[in-house]
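In: Structural data only, the sequence is not supplied:
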């Protein structure tokens, strides 16, 4: 069971999502506006937020930004607007995933599970970037320049100060830093970090990389850690 906060102003959509998730054993707290959603966040202490973009009063984007200021809780945007601009803006605001509604209960369940798994340390990787059989995770914190990565505690610090990373940002950093210098395509990252086995949307990766660079890099325009390899994808370092 997962405690879910649904922030959605459309009563019909709200009822449909509540019914679909309760049937699957989840505990749902609902709010019809951004303001009441933020209040419910403190009261209900959810494990995941489903957030509509088009809300009365405070927009879903502003709600997302405010949550991201202090919390690492997974956020999935649930919106009827699937055009490029809305999707990119939503992801840049700090969302971990983006679902265009209407969406079936099966889709919601699958994407929720994938996002929640991002708070679990990734398996150690072999030379080909796939999980190594019989391997064990690193036992102590790793140092990469100014960054300290503690895989067991799921913590990342820069110059001794802990960083507040969204689940997708954290898992992306853990995944890339496990094999410094190895290049991964956007599709590989979609499959490994977002668990999108189909041909997914590379904007999820690019938006997450941009947000992550804003937190770990001194100069995001000249990244030391999350580097672009033009025509191929991304790599961690080399430093």
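Out: Nice, I can see it. Everything quoted here is computed from the prediction, not taken from an experiment.
In: quick one: least confident helix or strand in this structure?
Out: helix 84-92 (a mean of 73; mean pLDDT, DSSP states H and E).
In: Check the burial of residue 56 by counting its neighbours.
Out: Neighbour count for residue 56, taken as other CB atoms under 10 Å: 10. From N, CA and C alone the C-beta is placed, and that goes for glycine too.
In: doesn't residue 9 make contact with it?
Out: Yes - using CB atoms under 8 Å, residue 56 is in contact with residue 9, at 5.7 Å.
In: between these two, what contacts are shared?
Out: 32, 33 (CB atoms under 8 Å, 6 or more residues apart in numbering).
In: The protein: helices as residue ranges?
Out: Secondary structure of the chain (DSSP state H): helices located at 11-23, 34-44, 60-70, 84-92, 105-116, 167-177, 186-189, 202-216.
In: Do I have it right that residue 46 meets residue 6?
Out: No - if you go by CB under 8 Å, residue 46 and residue 6 don't touch, sitting 9.0 Å apart.
In: higher neighbour count, these two?
Out: Higher neighbour count among residue 46 and residue 6: residue 6, with 24 against 19, using other CB under 10 Å.
In: Now do the contacts for the more buried one.
Out: Taking CB under 8 Å, 6+ apart, one finds 14, 17, 18, 21, 28, 29, 30, 31, 49, 50 in contact with residue 6.
In: And the pLDDT at it?
Out: On pLDDT, residue 6 comes in at 96.
In: Pull the distance from stretch 60-80 to the chain's centre.
Out: Its chain's C-alpha centre and that of stretch 60-80 lie 10 Å apart, by CA atoms, centre = their mean, to the nearest Å.
In: what's the nearest residue to residue 227 if we skip its chain neighbours?
Out: Nearest residue to residue 227, sequence neighbours excluded (CB to CB, 6 or more residues apart in numbering): residue 235, at 5.4 Å.
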